[in-house]
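Asks: What would the 3D arrangement of this be:
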Amino acid sequence: MAWIETVDPEKAQGALKREYEAAIARAGKVYNIVKLSSLRPDILRSWVDFYVLLMHREGQLSRRQREMIAVVVSAANDCSY
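Replies: So this is what the prediction gives:
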């Protein structure tokens with residue numbers, strides 16, 4: 001298994017702390033997938049913006065359909081996210 005250095009929520013400061021607070025407001029906790037970019041909060045912000053654009057904007061697929069696709073892809077990749 002790979003190891004990637006991350007910053008725990010208790011140690012976050014500045015922009016990262018704000019991103020973690022937003023993650024907690026959105027999802028109730030800071031998931032490891034969010035922590036992966038903790039050393040680069042600017043990249044984390046871009047990643048979150050991209051995710052929100054893909055999953056929450058109006059489009060031909062409903063939010064439910066997008067989530068179903070995400071579940072199938074995650075399962076095919078043996079990924080818990």
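
Asks: Phi, psi for residue 37 please.
Replies: Main-chain dihedrals, residue 37, degrees, to the nearest 10: phi -100, psi 20.

Asks: what about it, neighbour count?
Replies: Neighbours of residue 37 under the rule other CB atoms under 10 Å: 20. Yep, even glycine has a C-beta here, placed from its N, CA and C like the rest.

Asks: Per-residue pLDDT of it, please?
Replies: Predicted confidence (pLDDT) for residue 37: 93.

Asks: which residues touch it?
Replies: Contacts for residue 37 (CB atoms under 8 Å, 6 or more residues apart in numbering) come out as 43, 44, 47.

Asks: Report the spatially closest residue to the last one, excluding sequence-adjacent ones.
Replies: Ranked by CB to CB, 6 or more residues apart in numbering and with sequence neighbours excluded, the top spatial neighbour of residue 47 is residue 37, at 5.9 Å.

Asks: one step back: going by neighbour count, which of the contacts of residue 37 are buried?
Replies: Neighbour counting with 16 or more other CB atoms under 10 Å marks 44, 47 as buried within the contacts of residue 37.

Asks: could the contacts of residue 37 be laid out in a markdown table, adding secondary structure, distance to residue 72 and pLDDT?
Replies: Formatted as a markdown table, the contacts of residue 37 follow (DSSP: H, G, I helix; E, B strand; the rest coil; distance: CB to CB, whole Å; pLDDT from 0 to 100):
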| residue | secondary structure | distance to residue 72 | pLDDT |
| --- | --- | --- | --- |
| 43 | helix | 27 | 95 |
| 44 | helix | 26 | 95 |
| 47 | helix | 21 | 93 |
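
Asks: now the residue of the chain most remote from its centre, what's its secondary structure?
Replies: For the chain, the largest distance from the centre (CA atoms, centre = their mean) belongs to residue 60, which lies 22.9 Å off. Per DSSP: H, G, I helix; E, B strand; the rest coil, the secondary structure class of residue 60 is coil.

Asks: Quick one: list the elements packing against the helix or strand encompassing residue 66.
Replies: For residue 66, the enclosing helix or strand under DSSP states H and E is helix 63-76. Of the remaining helices and strands, those touching helix 63-76 by 3 or more CB pairs under 8 Å, 6 or more residues apart in numbering; DSSP states H and E are helix 41-56.
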